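K.L.:
No sequence on hand, only this structure:
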């Protein structure tokens, strides 16, 4: 009887400890509203974050959708240049795919490194040779 109890207990313990691999479910660290705060080593792109473009954001939702807005400076006034609803994917490990809300860059896949609960750095695969990265901050 002890062996049966031990076997059932072990089985229950193993099945209750399964990892949640739902690619972006309710506990993914990327969920929330993130603002572009810095672009480093932008190489040929020559992109810079200014007062208006720093208002650009992407809001990652638990259902793998994302709302984003890009702001630019027009004659000294910050204006909404584009707003999109897109999807995002946690590809496993540290790889994500999402539309970058800056200068119509579009959807990119790359490495995400969480510097803290309120900041991550995105290293786009396509720009790896230029050592380019984009820093996002949660507000």
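P.N.:
All right, it came through fine. These figures come from a predicted structure and were not determined experimentally.
K.L.:
Which residue lies nearest the spatial centre of this protein?
P.N.:
Nearest residue to the geometric centre of the chain (C-alpha atoms, centre = their mean): residue 30, 4.9 Å.
K.L.:
Tell me where this structure has strands.
P.N.:
Under the criterion DSSP state E, the chain carries strands at the ranges 32-40, 57-60, 65-74, 77-87, 89-92, 95-100, 106-116, 119-124, 133-138.
K.L.:
got any ranges where the protein has weak pLDDT?
P.N.:
For the chain, the stretches flagged by pLDDT under 70 are 1-26, 42-45.
K.L.:
Pull the number of nearby residues for the residue nearest to residue 138 when sequence neighbours are not counted.
P.N.:
Nearest residue to residue 138 in three dimensions, chain neighbours excluded: residue 118, at 4.4 Å (C-beta to C-beta, 6 or more residues apart in numbering). Where C-beta positions appear, they are placed from N, C-alpha and C, glycine not excepted. Neighbour count of residue 118, defined by other C-beta atoms under 10 Å: 12.
K.L.:
residue contacts, residue 118?
P.N.:
With contact set as C-beta atoms under 8 Å, 6 or more residues apart in numbering, residue 118 has these partners: 137, 138, 139.
K.L.:
returning to that earlier point: how about a markdown table for the strands of the chain, with mean neighbour count and distance to residue 51 added?
P.N.:
A markdown table is the format used below for the strands of the chain (neighbours: other C-beta atoms under 10 Å; distance: least, C-beta to C-beta, whole Å):
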| stretch | mean neighbour count | distance to residue 51 |
| --- | --- | --- |
| strand 32-40 | 18 | 12 |
| strand 57-60 | 21 | 14 |
| strand 65-74 | 18 | 7 |
| strand 77-87 | 13 | 7 |
| strand 89-92 | 14 | 31 |
| strand 95-100 | 19 | 19 |
| strand 106-116 | 14 | 23 |
| strand 119-124 | 18 | 19 |
| strand 133-138 | 20 | 15 |
